[in-house]
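In: Compute the structure for the input listed below.
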Amino acid sequence: MFFGSKGIVLKNGKTALLRSPESADASEMMTFLKTCFSETDFLMRYPEEWTQTDESEAKYIESSNSSAVIMMIICIVDDQIVGISTVSFNQALKLRHRATISVALLSKYWGLGIGRIMCSEMIARAKEQGVQQIELDYIEENERARSLYESMGFVHTGEIPNAVRLKDGTMLKAFSMVKEI
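Out: Numbering: from 1, shown residues only. Have a look, this model is predicted:
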């Protein structure tokens, strides 16, 4: 699903651009993802586990942009990808009223309003598609994400104990949240 583009102003006064990724962004997106995976334990992979190639990422971008079931947005600041968000739509008749969103940002850009804006764009697109319920998960100890999601009207619906096991053996819960729209 294609998003197009939209300019935004961040809390620090800088401008950013939200847009659908293009095939030419594949290499930079790979670098972005590996960096994000190395900056936090709150994403589901370690950087060495991300084994996509630039070619496979380019194909994924193309398929996402032409898909009816997924939309991806990147955030660009100073000609660099600093954030990615997705919304995935369910197609089964019994599940079409639900969609799932996710957001990842480089740590340098946390707290500037990008996550909130990207979530808002995903929710707006889901609403346009007739979705009635947005769902997401976050990892225990990610208080920044929890606070953002709660402030946007998401409510806790459950938890999965020991959902994530870190390299040092630490086990973290995953929490599920829902927002009716």
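In: Could you count how many residues lie near L95?
Out: One way to gauge burial is a neighbour count; for L95, by other C-beta atoms under 10 Å, it gives 11. C-betas here are computed from N, CA, C, even on glycine.
In: Could you look up the SS state of it?
Out: Of the three states, L95 takes coil under DSSP: H, G, I helix; E, B strand; the rest coil.
In: In terms of pLDDT, where does it sit?
Out: Per-residue confidence for L95 comes out at a pLDDT of 95.
In: Same question for the one 3 residues further on.
Out: Among the per-residue scores, R98 holds a pLDDT of 97.
In: you'd agree it is up against Q129?
Out: No. Contact criterion C-beta atoms under 8 Å: R98 and Q129 do not qualify, at 11.0 Å.
In: ok, how many other residues are close to the closest residue in space to T40 that isn't next to it in sequence?
Out: The shortest distance from T40 to any non-neighbouring residue, by C-beta to C-beta, 6 or more residues apart in numbering, is to S107 (6.8 Å). By the criterion of other C-beta under 10 Å, S107 has 12 neighbours.
In: do you know how far the most centrally placed residue in the chain is from V87?
Out: Centroid check for the chain by C-alpha atoms, centre = their mean gives V103 as the closest residue, at 2.1 Å. Shown here: V103 relative to V87, a distance of 10 Å by C-beta to C-beta, to the nearest Å.
In: ditto for Y109
Out: The span separating Y109 from V87 equals 20 Å under the rule C-beta to C-beta.
In: repeat for A104
Out: Going from A104 to V87 by C-beta to C-beta gives 14 Å.
In: Check A126 too.
Out: The gap separating A126 from V87 is 6 Å, by C-beta to C-beta.
In: show me where this protein has strands.
Out: With DSSP state E applied, the chain shows strands at 5-9, 15-19, 70-77, 80-89, 98-105, 133-139, 155-165, 171-180, listed in chain order.
In: Let me know which of these is the nearest to L43.
Out: Taking C-beta to C-beta, strand 98-105 is the member of the strands of the chain nearest to L43, at 6.2 Å.
In: partners of that closest one in the sheet?
Out: Here strand 98-105 is paired, per DSSP bridges, with strand 80-89 (antiparallel), strand 133-139 (parallel).
In: Please look at the residue nearest to the centre of the chain and G83 and confirm they touch.
Out: Yes. Between V103 and G83 there is a contact at 6.9 Å, judged by C-beta under 8 Å.
In: shared neighbours, the two?
Out: Common neighbours of V103 and G83, counting by C-beta atoms under 8 Å, 6 or more residues apart in numbering, are G115, M118.
In: Put together TSV for the strands of the chain, with distance to P47 on each row.
Out: Rendered in TSV, the data for the strands of the chain read as follows (distance: least, C-beta to C-beta, whole Å):
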stretch	distance to P47
strand 5-9	28
strand 15-19	24
strand 70-77	19
strand 80-89	15
strand 98-105	13
strand 133-139	17
strand 155-165	16
strand 171-180	18
